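S.K.: no FASTA, just this:
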RNA sequence: UAGGGCGUAGCCAAGCGGUAAGGCACCGGCCUUUGGCGCCGUGAUCGGAGGUUCGAAUCCUCCCGCCCUAACCA
């Protein structure tokens, strides 16, 4: 894995280190993360803020959280609160440096007038459609793309006085939504479209979640971002690759203004994960159209989804750390996320026994009415987790798939006449198979060997398999939700022309099991608690869980080489 | 020949002129009271072609492929 402290640091930290070495910003390092509060954040965002936060930590600098709330049409307070909650959950902290771009609206407005007075911004009456046309649309012909130079807006040469007057009246609310904009006067022939007189302000009469109706003109991202960075004294402004084309504009604005701070924008490749989607727009669609139960559906890559699924924050951090930071568009295999997850859970999750698909077993030579308490280890990876007692009796449940009447070659679990071990209990041998009229197996009769108490045979006799089990009279009923990848395809967006990507949703991404049998020790649990159900995977108590009705989410299965073998055989 | 960016094994990713780290996945094997965990082993000449050099994945040239941008979204 890429551990900076071991071998190397990512290219961004190299740049920062060099800036510090050269004495830029007096050796100060200050980063920020600027989410737009228009949805809940996902693991791709975690890569972004963990990077900015990590850089600040590594260089003994500061980190700000700043909400980029310049478009009231999409933004809501609930997302502000949710984002803060999710970031704290991941262990990120910004002391008292919580900011909002909207706090800078007045300063931004003053600077806009400054640019107008300098002849570098003008009020334009062109419609959105007209602006687009004037900018020069790319033309595709014979494999070539030609971008014709743009045409100047007919309003480009208004006098400073007229622009100032118009702009003030824009703010005063004299014009209708969309009828006018303030544009930077740069170069309509510039090869970078972003430099062709970009819009700085538009008229939108929508109540802002923090500013209320104080404004009817709102600054655009480009006009807000670099200035906000400068105001906060940000030294290194990290963002994803799609903003690379905006960097010249980011710098241009800073160059025109009487600002001393010089934040430096650096871009990295955003995270893509297989079998899921990572765009807020798509995730919102999944939620709004009811394909998932909400932003916190355990199948969602959102931080709240992963949390409900049972991911410890440490596993996510380890994952983000492991994938590295580069400028190439990565498509990371979820298998790596799952690896980090299991790695973490294996060390911390206490083990319990739970039978998800119960098959009754009667130990015919075990005394009726007798109950024994057997000692089970809570976590073989962590001695401090201690042990617990598990009740054993004449009637038990085992996993239905752990028995086969006609076992294939490599199946070495229970079968007629075969002896296996019940974990921490006894060796048992299957003597009879009981079926109903339809031929379905409904019960197994077995005998046990009293000498193997605890699971070891004094004569050194060995068995191939160890099964988990639960005593019938002590078992607690539970609901277990089995989750799998939300999309079957590695890249859900890679669909045929005209096909809806939503058709790619994995129909088995959620399977709800009821009547599962869990060991009595699980009678006292609280939402969020994580366990390993031996041999079945890692599970987390869902918020829906109630004392009389426990509900578990499967976070991830165990690695399962038997399942793999079986699949190979079928293939 | 629009502008910008990327191209090292299936995936992520080191390498910054001295002769290809590491991780995941995969495949073998060992171990095992979780077919879990752990341990051991197996794979690339670096998108392609030229050039510079004693020597290049690392420098130069050309070519190819992929991504981003044409919202008054961010």
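M.R.: Nice, thanks for sending it over. Remember, predicted model here, so these are calculated numbers, not experimental data.

S.K.: What parts of the stretch 201-350 of chain A come near RNA strand B?
M.R.: A:202-204, A:218, A:220-222, A:225, A:241-246, A:269, A:322-333, A:335-336, A:339, A:342-343, A:346 (C-beta under 7 Å from any atom of the strand). C-beta coordinates here come from the backbone N, C-alpha and C atoms, glycine included.

S.K.: I'd like to know which of the residues you listed are buried.
M.R.: A:202-204, A:218, A:220-222, A:225, A:243, A:246, A:269, A:322-325, A:330, A:332, A:339, A:342 (16 or more other C-beta atoms under 10 Å).

S.K.: just checking, which of those residues belong to strands?
M.R.: A:202, A:203, A:218 (DSSP state E).

S.K.: Going by distance to residue A:78, which of these wins?
M.R.: Closest approach between those and residue A:78, by C-beta to C-beta: residue A:218, at 20.2 Å.

S.K.: The closest one against residue A:74, yeah?
M.R.: No: between residue A:218 and residue A:74 there is no contact under C-beta atoms under 8 Å: 11.4 Å.

S.K.: Which of the residues of the stretch 201-350 of chain A next to RNA strand B fall in helices?
M.R.: A:221, A:222, A:225, A:322, A:323, A:335, A:336, A:339, A:342, A:343, A:346 (DSSP state H).

S.K.: farthest-separated two in these?
M.R.: Going by C-beta to C-beta, the pair spanning those furthest: A:222 and A:346, at 46.8 Å.

S.K.: pLDDT score for residue A:316?
M.R.: For residue A:316, the pLDDT comes out at 98.

S.K.: nope, residue A:189 is what I was after
M.R.: Note on residue A:189: pLDDT of 93.

S.K.: What residues does the nearest residue to it once chain neighbours are set aside make contact with?
M.R.: Spatial nearest neighbour of residue A:189, chain neighbours left out: residue A:149 (3.9 Å); criterion: C-beta to C-beta, 6 or more residues apart in numbering. By C-beta atoms under 8 Å, 6 or more residues apart in numbering, the contact list for residue A:149 reads A:136, A:188, A:189.

S.K.: wait, the last one sits on residue A:151?
M.R.: Yep, that's residue A:189 we're talking about. No: counting by C-beta under 8 Å, residue A:189 stays clear of residue A:151, with 9.3 Å between them.

S.K.: Would you tell me what helix or strand residue A:174 is located in?
M.R.: Under DSSP states H and E, no helix or strand contains residue A:174.

S.K.: Look through chain A and state the residue closest to RNA strand B.
M.R.: residue A:455 (2.0 Å; C-beta to the nearest atom of the strand).

S.K.: Can you check the pLDDT for that residue?
M.R.: Note on residue A:455: pLDDT of 96.

S.K.: wait, doesn't it sit right on residue A:448?
M.R.: No: taking contacts as C-beta under 8 Å, residue A:455 lies outside contact range of residue A:448: 11.5 Å.

S.K.: between these two, what contacts are shared?
M.R.: A:426, A:427.

S.K.: Settle it for me: which of those two has more neighbours?
M.R.: Legend: neighbour count by other C-beta atoms under 10 Å for residue A:455 and residue A:448, higher for residue A:448 (21 against 16).

S.K.: Just confirm that one is within a strand.
M.R.: Yes: assessed with DSSP: H, G, I helix; E, B strand; the rest coil, residue A:448 lies in a strand.

S.K.: count of neighbours near the closest residue to it other than its chain neighbours?
M.R.: Once flanking residues are discounted, residue A:448 sits nearest to residue A:426: 4.3 Å by C-beta to C-beta, 6+ apart. The local packing of residue A:426 (other C-beta under 10 Å) involves 22 other residues.

S.K.: Distance check, residue A:426 against residue A:42.
M.R.: For residue A:426, the distance to residue A:42 (C-beta to C-beta, to the nearest Å) stands at 48 Å.

S.K.: Please apply the same query to residue A:118.
M.R.: 41 Å.

S.K.: Neighbour count: these two, which is higher?
M.R.: Ranked by neighbour count (other C-beta under 10 Å), residue A:118 and residue A:42 place residue A:42 first, with 25 against 12.

S.K.: OK, contacts around the more buried one?
M.R.: Per C-beta under 8 Å, 6+ apart, neighbours of residue A:42: A:278, A:280, A:283, A:300, A:301, A:302, A:303, A:305.

S.K.: Can you select the buried ones among these for me in PyMOL?
M.R.: In PyMOL, a selection of the buried entries from those looks like this (16+ other C-beta under 10 Å):
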select buried, chain A and resi 278+280+283+300+301+302+303+305
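
S.K.: Could you find the lowest-pLDDT member of the contacts of residue A:42?
M.R.: residue A:280 (93).

S.K.: so which helix or strand takes in the nearest residue to that residue once chain neighbours are set aside?
M.R.: Nearest residue to residue A:280 in three dimensions, chain neighbours excluded: residue A:39, at 4.3 Å (C-beta to C-beta, 6+ apart). Taking DSSP H and E as the definition, one finds residue A:39 inside no helix or strand.

S.K.: next one: residue A:166
M.R.: Going by DSSP H and E, residue A:166 is part of helix A:160-172.

S.K.: Which elements pack onto that helix?
M.R.: Secondary-structure packing of helix A:160-172 (3 or more C-beta pairs under 8 Å, 6 or more residues apart in numbering; DSSP states H and E): helix A:105-117, strand A:121-124, strand A:199-203.

S.K.: Save those as CSV, and put in mean pLDDT too.
M.R.: Output for the helices and strands packed on helix A:160-172, formatted as CSV (pLDDT from 0 to 100):
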stretch, mean pLDDT
helix A:105-117, 98
strand A:121-124, 98
strand A:199-203, 98
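
S.K.: where exactly do the strands run in the stretch 151-300 of chain A?
M.R.: Applying DSSP state E, counting those that start in this stretch to the stretch 151-300 of chain A gives strands spanning A:181-184, A:199-203, A:217-219, A:236-240, A:264-268.

S.K.: wait, which of those strands is closest to residue A:420?
M.R.: Comparing those by C-beta to C-beta, strand A:264-268 comes nearest, at 51.9 Å.

S.K.: hang on, residue A:46 in a strand?
M.R.: No: looking at residue A:46 with three-state DSSP, it is helix, so not inside a strand.

S.K.: List the residues that contact it.
M.R.: By C-beta under 8 Å, 6+ apart, the residues touching residue A:46 are A:90, A:303, A:316, A:320.
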